[in-house]
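Novice: Return a 3D structure for these sequence lines:
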Amino acid sequence: MNAPTLQPRDDMGSGFPTLLRKELLRFWKVGFQTIAAPVLTALLYLLVFAHVLEGRVHVYGTIPYTAFLIPGLMMMSMLQNAFANPSSSLIQSRITGNLVFVLLPPLSHKQIFWAYLLAAIARGLAVGLCVWIVALFFIPLPPHNVLWVLAFAVMSCGIMGTLGMIAGLWSEKFDQLAAFQNFLIMPATFLSGVFYSIHTLPAFWQSVSHWNPIFYTIDGFRYGFFSVSDVSPWRSLAVVTGVFLALSLYALRLLASGYKLRN
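Specialist: The predicted model follows:
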């Protein structure tokens, strides 16, 4: 009788928990750099903008500018860190050669995808939660609808985690990954309404903002705190979900084909 051959499994068994634990510990063990540093950056933004504009700018009628700013800073921090986790992990593993330890076990491309994605979401949510806790020392900001907050937080981190995987697979050097972040992620984030409502922009730039998917992540996230937003939260959720599904299918296709993984 022939011995059975090992095939990659499509369920969440096998080496999936180990890979997920590795990716979680990867950022958790250096939490001072991966969590505390982004929180400090968000705090500096809050101190500067709140000091300059508090009392001069009111958004959505009566909402103080500091309160308006906090959800935007939370989402910006979550997006940037969710992107950084899988992108830096993949490119470091490829350059140092230890990616072979991920490819050798009987892991399916779906298991690899979900391990990197869940770790990215976990890091993004951890940073966002810490920013919110620190912001409570400045102004009370209880969410009006926790479900909307969680939905947009998870889906938005999922988008950037998936995009981080794509960037990590595409980039061959650290400067290519830095270009991806500096010329795509950073401008899209800063021009998405973190520091302002798009209704304060001229009509042309309002139209441009509607083509930026990051705008919908922040606007929908704000709706969970204030129950008001620039566009319908259902529209924002539909856009965010569609972008997440499209990027996920593309990332799964790259992983299934072994794109730049076996070079």
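Novice: how near is Asn81 to Ala120?
Specialist: As for Asn81, its distance to Ala120 is 8 Å (criterion: Cβ to Cβ, to the nearest Å). Yep, even glycine has a C-beta here, placed from its N, CA and C like the rest.
Novice: So between those two, which is more surrounded?
Specialist: More neighbours surround Ala120 than the other of Asn81 and Ala120, with 30 against 26 (other Cβ atoms under 10 Å).
Novice: give me the element the more buried one is part of.
Specialist: In this assignment (DSSP states H and E), Ala120 forms part of helix 109-135.
Novice: following that helix, which helix or strand comes up?
Specialist: helix 146-170.
Novice: Quick check: mean pLDDT of that following helix?
Specialist: Averaged over helix 146-170, pLDDT sits at 96.
Novice: helices or strands next to that helix in the packing?
Specialist: For helix 146-170, the elements it packs on are helix 65-96, helix 109-135, helix 174-180, helix 213-226, helix 233-257, judged by 3 or more Cβ pairs under 8 Å, 6 or more residues apart in numbering; DSSP states H and E.
Novice: helices or strands next to the last one in the packing?
Specialist: Meaning helix 233-257. Applying 3+ Cβ pairs under 8 Å, 6+ apart, we find helix 233-257 packed against helix 109-135, helix 146-170, helix 213-226.
Novice: re the thing from before, compare the helices and strands packed on helix 146-170 and give me the one nearest Val149.
Specialist: For the helices and strands packed on helix 146-170, the distance to Val149 is smallest for helix 213-226, at 3.5 Å, taking Cβ to Cβ.
Novice: Now do that closest one against helix 65-96: the angle between them, please.
Specialist: Helix 213-226 runs at 130 degrees relative to helix 65-96, counting by axes from the mean of the first three to the mean of the last three Cα atoms, to 10 degrees.
Novice: Next, the angle from helix 213-226 to helix 109-135.
Specialist: Computed by the same axes, to 10 degrees, the angle between helix 213-226 and helix 109-135 is 50 degrees.
Novice: and helix 213-226, how far from the chain's centre?
Specialist: Mean-position distance between helix 213-226 and its chain equals 13 Å (Cα atoms, centre = their mean, to the nearest Å).
Novice: One more: stretch 128-145?
Specialist: Here the centre of stretch 128-145 is set off from its chain's centre by 19 Å, with Cα atoms, centre = their mean.
Novice: Any chance you could give me that stretch in PDB, C-alpha atoms only?
Specialist: Output of stretch 128-145 as PDB, limited to C-alpha atoms (Å, rounded to 0.1, in the frame of the first residue of the first chain):
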ATOM      1  CA  GLY A 128      -6.300  52.500  17.900                       C
ATOM      2  CA  LEU A 129      -7.500  51.500  21.300                       C
ATOM      3  CA  CYS A 130      -4.400  53.000  23.000                       C
ATOM      4  CA  VAL A 131      -4.800  56.300  21.100                       C
ATOM      5  CA  TRP A 132      -8.400  56.400  22.200                       C
ATOM      6  CA  ILE A 133      -7.400  55.700  25.900                       C
ATOM      7  CA  VAL A 134      -4.800  58.500  25.800                       C
ATOM      8  CA  ALA A 135      -7.300  60.900  24.100                       C
ATOM      9  CA  LEU A 136      -9.700  60.400  27.000                       C
ATOM     10  CA  PHE A 137      -7.400  62.500  29.200                       C
ATOM     11  CA  PHE A 138      -8.200  65.400  26.900                       C
ATOM     12  CA  ILE A 139     -11.900  65.000  26.200                       C
ATOM     13  CA  PRO A 140     -14.500  62.400  27.000                       C
ATOM     14  CA  LEU A 141     -15.400  60.600  23.800                       C
ATOM     15  CA  PRO A 142     -17.700  57.600  24.200                       C
ATOM     16  CA  PRO A 143     -18.800  56.000  21.000                       C
ATOM     17  CA  HIS A 144     -22.500  56.500  20.100                       C
ATOM     18  CA  ASN A 145     -22.600  53.200  18.200                       C
END
